[in-house]
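Q: Output the structure for:
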Amino acid sequence: MLVPHQINLNSSKDDIMNSITDDERKKLNELESERGLILDKPCRYTPYHEPSLVLDDFLFLGDMQHAANQILLQQYKIKHILNVCDWGTDKNIQDNFNVTHIPLSDDCQENIKQHFDKTNELLHGFYEKNECCLVHCAAGISRSATIVLAYLMKYHHNTLKDAYAFLHDKRPQISPNKGFLLQLIRYENELIQSREIKPTDTTASIIKEENPIETLDEFQEKHKMDK
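A: Numbers count the residues shown, from 1 in each chain. Below is the predicted model:
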(Lines give C-alpha, C1' and ligand atoms only; values in the text may rest on other atoms or scores of the structure.)
Protein backbone atom coordinates (compact mmCIF):
# COMPACT_ATOMS: atom_id res chain seq x y z
CA MET A 1 0.00 0.00 0.00
CA LEU A 2 1.35 3.41 -0.98
CA VAL A 3 0.98 6.19 1.58
CA PRO A 4 0.19 9.67 0.21
CA HIS A 5 2.60 12.41 1.16
CA GLN A 6 0.90 15.61 2.29
CA ILE A 7 2.55 18.99 2.49
CA ASN A 8 0.60 21.43 4.58
CA LEU A 9 2.22 24.69 5.69
CA ASN A 10 0.40 26.87 8.17
CA SER A 11 -0.72 30.40 7.32
CA SER A 12 -0.73 29.80 3.58
CA LYS A 13 -2.93 32.85 3.01
CA ASP A 14 -1.04 36.08 2.57
CA ASP A 15 -1.72 39.70 1.66
CA ILE A 16 -0.72 38.96 -1.94
CA MET A 17 -2.73 41.43 -4.02
CA ASN A 18 -2.60 44.28 -1.50
CA SER A 19 1.21 44.24 -1.49
CA ILE A 20 1.55 44.71 -5.26
CA THR A 21 3.97 47.41 -6.46
CA ASP A 22 3.42 49.75 -9.39
CA ASP A 23 5.97 47.85 -11.49
CA GLU A 24 4.28 44.55 -10.68
CA ARG A 25 0.88 45.98 -11.53
CA LYS A 26 2.23 47.15 -14.89
CA LYS A 27 3.74 43.72 -15.56
CA LEU A 28 0.48 42.03 -14.54
CA ASN A 29 -1.51 44.23 -16.93
CA GLU A 30 0.95 43.48 -19.73
CA LEU A 31 0.64 39.77 -19.03
CA GLU A 32 -3.16 39.99 -19.02
CA SER A 33 -3.03 41.74 -22.41
CA GLU A 34 -0.62 39.13 -23.74
CA ARG A 35 -2.90 36.40 -22.44
CA GLY A 36 -5.72 37.91 -24.47
CA LEU A 37 -3.56 37.78 -27.60
CA ILE A 38 -2.65 34.15 -26.90
CA LEU A 39 -6.32 33.24 -26.58
CA ASP A 40 -6.94 34.62 -30.08
CA LYS A 41 -4.34 32.31 -31.62
CA PRO A 42 -5.19 28.85 -33.00
CA CYS A 43 -4.27 26.05 -30.60
CA ARG A 44 -4.40 22.30 -30.43
CA TYR A 45 -7.47 20.66 -28.96
CA THR A 46 -7.25 18.19 -26.10
CA PRO A 47 -10.43 16.26 -25.29
CA TYR A 48 -11.61 17.14 -21.80
CA HIS A 49 -11.79 13.46 -20.86
CA GLU A 50 -8.00 13.18 -21.28
CA PRO A 51 -5.18 14.92 -19.41
CA SER A 52 -2.98 17.26 -21.43
CA LEU A 53 0.53 16.07 -22.28
CA VAL A 54 2.87 18.95 -21.47
CA LEU A 55 6.26 17.32 -21.93
CA ASP A 56 6.65 14.05 -23.84
CA ASP A 57 6.71 10.87 -21.77
CA PHE A 58 6.84 12.75 -18.49
CA LEU A 59 4.47 15.52 -17.48
CA PHE A 60 0.68 15.62 -17.72
CA LEU A 61 -1.70 18.37 -16.58
CA GLY A 62 -5.30 17.55 -15.79
CA ASP A 63 -8.25 17.64 -13.41
CA MET A 64 -9.60 15.62 -10.51
CA GLN A 65 -11.57 13.33 -12.82
CA HIS A 66 -8.38 12.28 -14.56
CA ALA A 67 -6.73 11.62 -11.20
CA ALA A 68 -9.63 9.37 -10.15
CA ASN A 69 -9.57 7.25 -13.32
CA GLN A 70 -7.22 4.35 -12.66
CA ILE A 71 -7.60 2.90 -16.16
CA LEU A 72 -6.69 6.25 -17.71
CA LEU A 73 -3.69 6.65 -15.42
CA GLN A 74 -2.43 3.19 -16.30
CA GLN A 75 -3.03 3.84 -20.01
CA TYR A 76 -0.66 6.82 -19.88
CA LYS A 77 1.79 4.95 -17.61
CA ILE A 78 1.42 7.57 -14.90
CA LYS A 79 3.13 6.54 -11.65
CA HIS A 80 3.03 9.79 -9.71
CA ILE A 81 0.21 12.22 -8.91
CA LEU A 82 0.71 15.73 -7.59
CA ASN A 83 -2.63 16.88 -6.20
CA VAL A 84 -2.97 20.60 -5.46
CA CYS A 85 -6.70 20.53 -4.76
CA ASP A 86 -8.00 21.52 -1.35
CA TRP A 87 -9.40 18.00 -0.96
CA GLY A 88 -7.75 14.61 -1.06
CA THR A 89 -7.33 11.74 -3.53
CA ASP A 90 -9.50 8.61 -3.66
CA LYS A 91 -8.19 5.83 -1.41
CA ASN A 92 -8.07 3.37 -4.30
CA ILE A 93 -5.76 5.73 -6.17
CA GLN A 94 -3.63 6.29 -3.07
CA ASP A 95 -3.17 2.53 -2.76
CA ASN A 96 -1.86 2.16 -6.31
CA PHE A 97 0.00 5.37 -7.16
CA ASN A 98 2.57 7.62 -5.55
CA VAL A 99 0.44 10.59 -4.45
CA THR A 100 1.72 13.90 -3.10
CA HIS A 101 -0.97 16.25 -1.81
CA ILE A 102 -0.48 19.99 -1.32
CA PRO A 103 -3.89 21.38 -0.32
CA LEU A 104 -4.39 24.78 -1.97
CA SER A 105 -7.38 27.03 -2.55
CA ASP A 106 -7.96 28.77 -5.87
CA ASP A 107 -7.80 32.09 -4.07
CA CYS A 108 -5.87 35.22 -5.10
CA GLN A 109 -4.47 35.46 -1.56
CA GLU A 110 -3.24 31.84 -1.46
CA ASN A 111 0.54 31.70 -1.11
CA ILE A 112 1.29 29.15 -3.83
CA LYS A 113 4.81 30.47 -4.44
CA GLN A 114 6.06 29.04 -1.15
CA HIS A 115 5.69 25.56 -2.67
CA PHE A 116 7.53 26.18 -5.96
CA ASP A 117 10.93 24.93 -4.78
CA LYS A 118 9.40 21.72 -3.45
CA THR A 119 7.20 21.01 -6.48
CA ASN A 120 9.99 21.85 -8.94
CA GLU A 121 12.35 19.48 -7.15
CA LEU A 122 9.68 16.79 -7.01
CA LEU A 123 8.77 17.04 -10.70
CA HIS A 124 12.37 17.16 -11.85
CA GLY A 125 13.10 14.06 -9.82
CA PHE A 126 10.37 12.22 -11.74
CA TYR A 127 11.83 13.53 -15.00
CA GLU A 128 15.30 12.25 -14.13
CA LYS A 129 13.85 8.81 -13.32
CA ASN A 130 11.91 8.87 -16.61
CA GLU A 131 8.61 8.36 -14.75
CA CYS A 132 5.30 9.99 -15.67
CA CYS A 133 3.49 12.39 -13.38
CA LEU A 134 0.03 13.95 -13.45
CA VAL A 135 -0.31 17.39 -11.87
CA HIS A 136 -3.92 18.23 -11.16
CA CYS A 137 -6.32 20.45 -9.25
CA ALA A 138 -10.12 20.54 -9.57
CA ALA A 139 -10.29 21.58 -13.23
CA GLY A 140 -6.66 21.74 -14.37
CA ILE A 141 -6.98 25.46 -14.99
CA SER A 142 -5.50 27.59 -12.21
CA ARG A 143 -3.66 25.90 -9.32
CA SER A 144 -2.08 23.01 -11.22
CA ALA A 145 -1.32 25.24 -14.22
CA THR A 146 0.58 27.60 -11.92
CA ILE A 147 2.68 24.74 -10.56
CA VAL A 148 3.54 23.58 -14.09
CA LEU A 149 4.37 27.13 -15.22
CA ALA A 150 6.82 27.47 -12.32
CA TYR A 151 8.48 24.23 -13.39
CA LEU A 152 8.81 25.37 -17.01
CA MET A 153 10.34 28.65 -15.86
CA LYS A 154 12.83 26.95 -13.53
CA TYR A 155 14.01 23.99 -15.59
CA HIS A 156 13.35 25.11 -19.16
CA HIS A 157 14.55 28.65 -18.47
CA ASN A 158 11.40 30.13 -19.97
CA THR A 159 10.19 33.62 -19.22
CA LEU A 160 6.68 33.64 -17.80
CA LYS A 161 5.39 34.94 -21.13
CA ASP A 162 7.05 32.10 -23.07
CA ALA A 163 6.04 29.45 -20.55
CA TYR A 164 2.43 30.63 -20.64
CA ALA A 165 2.29 30.52 -24.45
CA PHE A 166 3.83 27.04 -24.46
CA LEU A 167 1.46 25.65 -21.83
CA HIS A 168 -1.59 27.28 -23.41
CA ASP A 169 -0.74 25.49 -26.65
CA LYS A 170 -0.80 22.20 -24.74
CA ARG A 171 -3.86 23.00 -22.62
CA PRO A 172 -5.86 26.00 -23.91
CA GLN A 173 -8.14 26.24 -20.86
CA ILE A 174 -5.39 27.27 -18.43
CA SER A 175 -6.15 30.48 -16.54
CA PRO A 176 -4.28 31.08 -13.26
CA ASN A 177 -5.96 33.65 -11.04
CA LYS A 178 -4.41 37.12 -10.73
CA GLY A 179 -2.81 36.37 -7.37
CA PHE A 180 -1.06 33.34 -8.84
CA LEU A 181 0.07 35.35 -11.88
CA LEU A 182 1.52 37.99 -9.57
CA GLN A 183 3.44 35.33 -7.66
CA LEU A 184 4.74 33.90 -10.95
CA ILE A 185 5.91 37.41 -11.89
CA ARG A 186 7.81 37.61 -8.59
CA TYR A 187 9.23 34.14 -9.16
CA GLU A 188 10.37 35.15 -12.64
CA ASN A 189 12.24 38.10 -11.12
CA GLU A 190 13.99 35.76 -8.69
CA LEU A 191 15.05 33.46 -11.53
CA ILE A 192 16.34 36.43 -13.52
CA GLN A 193 18.35 37.59 -10.49
CA SER A 194 19.89 34.11 -10.17
CA ARG A 195 20.49 34.07 -13.95
CA GLU A 196 18.34 31.00 -14.46
CA ILE A 197 16.25 33.03 -16.91
CA LYS A 198 17.86 35.39 -19.39
CA PRO A 199 16.82 38.96 -18.59
CA THR A 200 14.73 40.87 -21.11
CA ASP A 201 15.93 44.16 -22.59
CA THR A 202 13.85 46.11 -20.07
CA THR A 203 15.28 44.31 -17.04
CA ALA A 204 18.89 43.77 -18.14
CA SER A 205 20.20 47.12 -16.90
CA ILE A 206 18.42 46.75 -13.57
CA ILE A 207 19.80 43.26 -13.04
CA LYS A 208 23.30 44.47 -13.92
CA GLU A 209 23.12 47.14 -11.22
CA GLU A 210 21.71 44.81 -8.57
CA ASN A 211 24.06 41.91 -9.35
CA PRO A 212 27.61 43.20 -10.02
CA ILE A 213 29.09 39.66 -10.11
CA GLU A 214 30.13 38.86 -13.66
CA THR A 215 29.51 35.55 -15.32
CA LEU A 216 32.53 33.77 -16.79
CA ASP A 217 31.37 34.68 -20.30
CA GLU A 218 31.07 38.36 -19.36
CA PHE A 219 34.52 38.35 -17.74
CA GLN A 220 36.17 36.73 -20.76
CA GLU A 221 34.38 39.02 -23.21
CA LYS A 222 35.41 42.16 -21.32
CA HIS A 223 39.07 41.18 -21.12
CA LYS A 224 39.09 40.10 -24.75
CA MET A 225 38.07 43.67 -25.66
CA ASP A 226 40.80 45.13 -23.40
CA LYS A 227 43.54 43.34 -25.34
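
Q: So which residues of the protein form strands?
A: With DSSP state E as the criterion, the chain has strands at 5-6, 52-55, 59-62, 78-83, 98-101, 132-136.

Q: what packs against the fourth one?
A: Okay, so that is strand 78-83. Judged by 3 or more CB pairs under 8 Å, 6 or more residues apart in numbering; DSSP states H and E, the packing partners of strand 78-83 are strand 98-101, helix 116-128, strand 132-136. (Each C-beta comes from the backbone N, C-alpha and C, glycine too.)

Q: Direction-wise, compare the longest one with strand 132-136 and give the angle.
A: With axes from the mean of the first three to the mean of the last three CA atoms, to 10 degrees as the basis, helix 116-128 and strand 132-136 are set at 150 degrees to each other.

Q: And for helix 116-128, what's in contact with it?
A: Here helix 116-128 makes contact (CB atoms under 8 Å, 6 or more residues apart in numbering) with 7, 55, 58-59, 79-80, 82, 100, 102, 132-133, 135, 147, 150-151, 154-155, 187.

Q: repeat that with 10 Å
A: 5, 7, 9, 55, 57-59, 78-80, 82, 84, 98, 100, 102, 112, 115, 131-133, 135, 144, 146-155, 183-184, 187, 190-191 (CB atoms under 10 Å, 6 or more residues apart in numbering).

Q: I figured His157 hits Leu191, correct?
A: Yes - counting by CB atoms under 10 Å, His157 touches Leu191, with 8.0 Å between them.

Q: between those two, what contacts are shared?
A: Taking CB under 10 Å, 6+ apart as the contact rule, His157 and Leu191 both touch 197-198.

Q: more crowded one of these two?
A: Neighbour tally, His157 and Leu191, criterion other CB atoms under 10 Å: the higher count belongs to Leu191, 20 against 14.

Q: Can you give me the neighbour number for the closest residue in space to the more buried one that isn't next to it in sequence?
A: Nearest non-adjacent residue to Leu191, counting by CB to CB, 6 or more residues apart in numbering: Ile197, 4.3 Å away. Neighbour count for Ile197, taken as other CB under 10 Å: 23.

Q: so how far is Lys113 from Ile197?
A: Using CB to CB, to the nearest Å, Ile197 is found at 15 Å from Lys113.

Q: swap in Leu72?
A: Between Leu72 and Lys113 the distance is 30 Å, computed by CB to CB.

Q: I'd assumed Asn158 was in contact with the residue nearest to Leu191.
A: Yes - Ile197 sits in contact with Asn158 when judged by CB under 10 Å, with a separation of 7.2 Å.
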